[in-house]
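[1] model this:
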Amino acid sequence: MSEPQYAELKSNARHTLGAMSSHTYEVDAKRLGFTLARYKFVARVLAGCDWVLEIGCGDAFATRIVAQAVGHVMATDFDAEFIDDARSRQQPENVFITHHDMAVRPLYKPDSIPKCFDAAYALDVLEHIQPHHEGAFLSNVALSIGEYGTFICGMPSLESQPHASALSRAGHVNCKTEDGLRSTLKRYFRNDRN
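    As a prediction, the model looks like this:
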């Protein structure tokens, strides 16, 4: 690193991947690229929003991609171990990490009026929600963003499951077809284009 433009690299802190991202990188590095691309998509769609809610952040490694495009991100997960892992690494100052189970209750912005988030997203989360908890989960997301909030939901399709690993399939208890996902989400969210 003798070239002058690389001098800053020597003084910068080194960041580590989180537990989930490290495992993904080790087992299938290209899958980590797909994950980062999904977060880039969310960042582009939600750019300019002030408060955004991430549901199912896991180790929150990719959260900073969205944080670069919005005012604040409240990153949540129902798994306390993932939250501890995310908190163990330095986060951007506009990222707030909290333990929360969306199937139990909605979540609102901290000390803020209006209380609802501008938007929420859940990437690779809904397929892990037991079908009998799906209604409560989606109702609480809708309450968290209010009538005019935006919700982005991404999940593997039912058709993709024969190609998924056995470990992945074991946790996928609620995959849907494209039409099935659209039909489910229409019960809880408005889409003025339809």
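[2] for the longest helix along the chain, which helices and strands make contact with it?
    Assignment by DSSP state H gives helix 29-46 as the longest helix of the chain. Judged by 3 or more C-beta pairs under 8 Å, 6 or more residues apart in numbering; DSSP states H and E, the packing partners of helix 29-46 are helix 19-27, helix 63-67, strand 119-123, strand 150-154. C-beta coordinates here come from the backbone N, C-alpha and C atoms, glycine included.
[3] quick one, it and helix 19-27 angle?
    130 degrees (axes from the mean of the first three to the mean of the last three C-alpha atoms, to 10 degrees).
[4] direction included, what does the helix or strand just after helix 29-46 pair up with?
    Sequence order places strand 51-55 as the next helix or strand after helix 29-46, per DSSP states H and E. Using DSSP bridges, strand 51-55 pairs in its sheet with strand 72-77 (parallel), strand 119-123 (parallel).
[5] is Thr177 in contact with Ser160, as I believe?
    No - Thr177 lies out of contact with Ser160 (C-beta atoms under 8 Å); the separation is 10.3 Å.
[6] buried stuff in the longest helix of the chain?
    Under the neighbour-count criterion of 16 or more other C-beta atoms under 10 Å, helix 29-46 has 32, 35, 38-39, 41-43, 46 buried.
[7] same question for stretch 83-93.
    83, 85-86, 91.
[8] what about Tyr58, which SS state?
    One thing to correct before we go on: residue 58 is Gly, not Tyr. Under DSSP: H, G, I helix; E, B strand; the rest coil, the three-state class of Gly58 is coil.
[9] what does Asp84 give?
    Going by three-state DSSP: Asp84 is helix.
[10] from Asp192, how far off is it?
    Asp84 sits 40 Å away from Asp192, going by C-beta to C-beta, to the nearest Å.
[11] and if you look at Cys57?
    Cys57 is 29 Å from Asp192, by C-beta to C-beta.
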